[in-house]
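Trainee: Model the structure of this input:
(one chain, ligands or ions: 1)
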Amino acid sequence: MYSFSFHRAQSVADSLAGFTQHSDARFLAGGQTLLASLKLRLAQPDCLVDLGQVQELKGIRVVSGQTVSIGAMTTHAEVVESKEIADALGALIDMASHIGDPMVRHMGTIGGSIANNDPAADWPAAVLGLDATVITSGRKIKADEFFLGMFSTALETGELITEIEFRVPKRCAYVKFRHPASRFALVGVFVADFGSEIRVAVTGAGAGVMRMPAFEEVLKKEFSADVLKAIVVDASVLNSDMHATAQYRANLISVIAMRAVDKASGAT
Ligand SMILES: Cc1cc2nc3c(=O)[nH]c(=O)nc-3n(C[C@H](O)[C@H](O)[C@H](O)COP(=O)(O)OP(=O)(O)OC[C@H]3O[C@@H](n4cnc5c(N)ncnc54)[C@H](O)[C@@H]3O)c2cc1C
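Mentor: Numbers count the residues shown, from 1 in each chain. Have a look, this model is predicted:
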């Protein structure tokens, strides 16, 4: 192991100050991705700014029928255990309960997940599908502008995610076809019906989380799984790897989206 500094931050201000004191610092959330990257030498920061003690980054706030706000350092397990979220936006509980294994869910955080923006991660689909706002140390970023492709986001160097604010739709659901070993999504689809707008976000299939405008258009006219049958998903922009071909993923997007619509409708 090579040497680096470790700064245990006590507040958001302290986190930002700790970051700027070094030339190549990284924020450390649950370490579920970052520590593996260090061990593999994919990242060699000169300082880790540990966010674990920063109380301002933790917690859940629900404004009834309108928004659910989740602090960046909230773990997946804390989401799963939240009665407030269960009452307001149960699809998030369902989604978070299928992330990884118990250890990953108790260490991994929502902030770390979306900052990392793994193309097969679940939270990016929920954030994009629910038209969430990512609140950082300096600004508010809409989900449509936040995710920029594989492991890439609109975050600038030293910008800290503090909270994610979700809109509460009329109905929504997430369904994933998971990789049996990692439990990441081979394809995951989040569908949300806001009445005036339908949003469909797909993870796992391409270079990053993406919306499906063709699905959204037909679902707006009729919110039923049947209307998706006629749409052929373009496989040319999807991943092909040892786990699945692009054609297979394209077909999975249709199948999983139909299941998500049925689930949101209460049909399953
Ligand atoms: C075995 C395994 C299985 C997994 N399965 C799944 C799965 O099924 N579905 C899924 O979605 N995910 C899965 N994950 C990912 C996991 O859920 C974590 O969300 C992810 O690894 C990020 O971890 P973390 O929160 O500990 O962040 P860290 O690893 O600490 O940080 C990740 C990155 O985000 C940055 N960062 C962290 N917090 C902030 C912040 N507040 N502001 C700005 N930047 C920040 C860090 O600097 C780092 O670059 C899995 C991980 C493992 C190891």
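
Trainee: now stretch 93-107, how far from the centre of its chain.
Mentor: Using CA atoms, centre = their mean, to the nearest Å, the distance from the centre of stretch 93-107 to the centre of the chain it belongs to is 12 Å.

Trainee: Test my guess that residue 100 contacts residue 106.
Mentor: No - applying CB atoms under 8 Å, one finds residue 100 not in contact with residue 106, separated by 9.7 Å. All C-beta atoms are positioned from the backbone trio N, CA, C, and that covers glycine.

Trainee: shared neighbours of the two, anything?
Mentor: residue 76 (CB atoms under 8 Å, 6 or more residues apart in numbering).

Trainee: wait, residue 166 sits on residue 128?
Mentor: No - between residue 166 and residue 128 there is no contact under CB under 8 Å: 10.9 Å.

Trainee: and the stretch 151-268 of the chain, which residues reach the ligand?
Mentor: 155, 160-161, 182-184 (CB under 6 Å from any ligand atom).

Trainee: can you list those in JSON lines and add neighbour count?
Mentor: Compiled in JSON lines, these are given as follows (neighbours: other CB atoms under 10 Å):
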{"residue": "155", "neighbour count": "20"}
{"residue": "160", "neighbour count": "22"}
{"residue": "161", "neighbour count": "27"}
{"residue": "182", "neighbour count": "14"}
{"residue": "183", "neighbour count": "16"}
{"residue": "184", "neighbour count": "19"}
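
Trainee: With pLDDT and distance to residue 4 added, can I get these in TSV?
Mentor: Rendered in TSV, the data for those read as follows (pLDDT from 0 to 100; distance: CB to CB, whole Å):
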residue	pLDDT	distance to residue 4
155	98	21
160	98	19
161	98	22
182	87	27
183	91	30
184	95	28
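
Trainee: Take those residues and keep only those in helices.
Mentor: Using DSSP state H, no member of those falls in helices.

Trainee: Strands - which of those land there?
Mentor: Secondary structure defined by DSSP state E assigns residue 161 of these to strands.

Trainee: Nearest to residue 20 among the residues of the stretch 151-268 of the chain next to the ligand?
Mentor: When these are compared for distance to residue 20, the smallest value, 11.3 Å, is given by residue 160; criterion: CB to CB.

Trainee: Which segments of the protein make up each domain?
Mentor: Following automatic domain parsing, one finds the domains of the chain at 5-50, 56-167, 171-265.

Trainee: Next, the distance between the ends of the longest one.
Mentor: Distances were taken as CA to CA, to the nearest Å; on that basis the terminal residues of domain 56-167 are 21 Å apart.

Trainee: can you give me the offset of that domain from its chain's centre?
Mentor: Offset of domain 56-167 from its chain centre (CA atoms, centre = their mean): 6 Å.

Trainee: would you turn the residues of the stretch 151-268 of the chain next to the ligand into a markdown table with distance to residue 198?
Mentor: Supplementary listing: these in a markdown table, determined by distance: CB to CB, whole Å:
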| residue | distance to residue 198 |
| --- | --- |
| 155 | 28 |
| 160 | 32 |
| 161 | 27 |
| 182 | 30 |
| 183 | 28 |
| 184 | 26 |
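
Trainee: biggest helix in this structure by residues?
Mentor: Per DSSP H, the chain has its longest helix at helix 246-265.

Trainee: What lies in contact with that helix?
Mentor: Surrounding helix 246-265, the residues in contact under the criterion CB under 8 Å, 6+ apart are 91, 171-177, 186-193, 200, 202, 204-205, 212, 215, 219, 223-225, 228-229, 231-236, 238-240, 244, 268.
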